[in-house]
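Peer 1: Sequence and predicted structure are below.
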Amino acid sequence: MHPFLRGLRTLRSGALAVLALCPGTSAGAQTSPVTLFDPSASLGVVERAERAYWEGDATASLRLLESWLTNTPDDVEALWRAARASVALGIITNQAAVESHWYRNGMAHSNEALRLDSVHVEVRRWAVASKGKLAVGTGARETARLAQEIWELCHGLLEDDPDESTAHHALGILHYEVMKLSRFKRFLARMFLGNEALSLASWEKAVYHHERAVSLEPDIIAFRVGFAETLMRRDRKLEAMDQLRRATSLPLLHPGDSDYTGLAHRYLNELSAERNG
């Protein structure tokens, strides 16, 4: 592998993992019409899968949905929920190989849903989520390709709804991760793997998108932790500590929230020790 490609692997680390969090509909967002082919049967499956997911049983949710999709593969509502359940299973496992399996499974479901309904808001959100989580553990070239796909999906979401918090958060992470690279690595990455996600990144945009995401969804823990990471990188540590304190006070609502709360506590301890040292 070319040395610069090894360096580009840093795009996969740190805050990019937070891309997997997709909250509910943001303020002002328009929800796409439900796609149901047999209203009575599909609705029953979706309702049961939805209930299982929010009761914390992503495995049961995915099992129900994939069983239904075996005979009804074009049900978009089942597909994006299967992508969501797959991402949740990837988040809660501690094994890298298993994580990759679930994120690829989620991406397969979301890609099929995109093929069937490319403007569905939840489909695009969970496509961003699965691609973002997969980008954390894959190779440099695939990471660059996924970053561009995420970029395009996010800008499409923002064209439809400028207040789409998931898109702002994901773009904040992308700008942050690219700008963390050294100037030389960014130059090589743009030259060999050039795309908009790599060539248009800036710290100003990272801060802007993170700030917008937090203002739109102030109760999402991962949004505040992601914003804090960018603020720390910009040496705005007091502001970062404020975001982290707010993050630790929020209720746990989504898969992975406890991990983000733990990360917020760790960052707070490190920043406090640095100030007192």
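Peer 2: Arrived safely, thanks for sending. Residues are numbered from 1 along each chain as shown.

Peer 1: Would you agree D74 is in contact with L116?
Peer 2: Yes - judged on Cβ atoms under 8 Å, D74 makes contact with L116 at a distance of 5.9 Å. For every residue, glycine as well, the C-beta is placed using N, CA and C.

Peer 1: For G44, give me its contacts.
Peer 2: By Cβ atoms under 8 Å, 6 or more residues apart in numbering, the contact list for G44 is empty.

Peer 1: got any ranges where the stretch 151-277 of the chain has weak pLDDT?
Peer 2: When residues are selected by pLDDT under 70, those of the stretch 151-277 of the chain lie in 182-195.

Peer 1: mind listing the helices for it?
Peer 2: With DSSP state H, counting those that start in this stretch, the ranges of helices along the stretch 151-277 of the chain come out as 165-180, 183-193, 196-199, 203-216, 221-233, 237-248, 257-276.

Peer 1: Format these as TSV; extra columns: distance to L69 and mean neighbour count.
Peer 2: Listed next are the helices of the stretch 151-277 of the chain as TSV, based on distance: least, Cβ to Cβ, whole Å; neighbours: other Cβ atoms under 10 Å:
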stretch	distance to L69	mean neighbour count
helix 165-180	24	27
helix 183-193	34	16
helix 196-199	31	18
helix 203-216	31	20
helix 221-233	28	26
helix 237-248	36	18
helix 257-276	28	15
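
Peer 1: Can I get the ones you listed in TSV including distance to G106?
Peer 2: Below are those laid out as TSV (distance: least, Cβ to Cβ, whole Å):
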stretch	distance to G106
helix 165-180	15
helix 183-193	24
helix 196-199	20
helix 203-216	21
helix 221-233	17
helix 237-248	25
helix 257-276	18
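
Peer 1: Can you say which of those helices is nearest to A60?
Peer 2: Taking Cβ to Cβ, helix 257-276 is the member of the helices of the stretch 151-277 of the chain nearest to A60, at 20.0 Å.

Peer 1: Can you give the contact residues for that closest one?
Peer 2: Residues outside helix 257-276 that contact it (Cβ under 8 Å, 6+ apart) are 18, 91, 221-222, 224-225, 228-229, 232, 237, 240-241, 244-245, 247-248, 250, 252.

Peer 1: Now with 7 Å, please.
Peer 2: Around helix 257-276, the neighbours that count as contacts under Cβ atoms under 7 Å, 6 or more residues apart in numbering are I221, A222, V225, A228, K237, A240, M241, L244, R245, A247, T248, L252.
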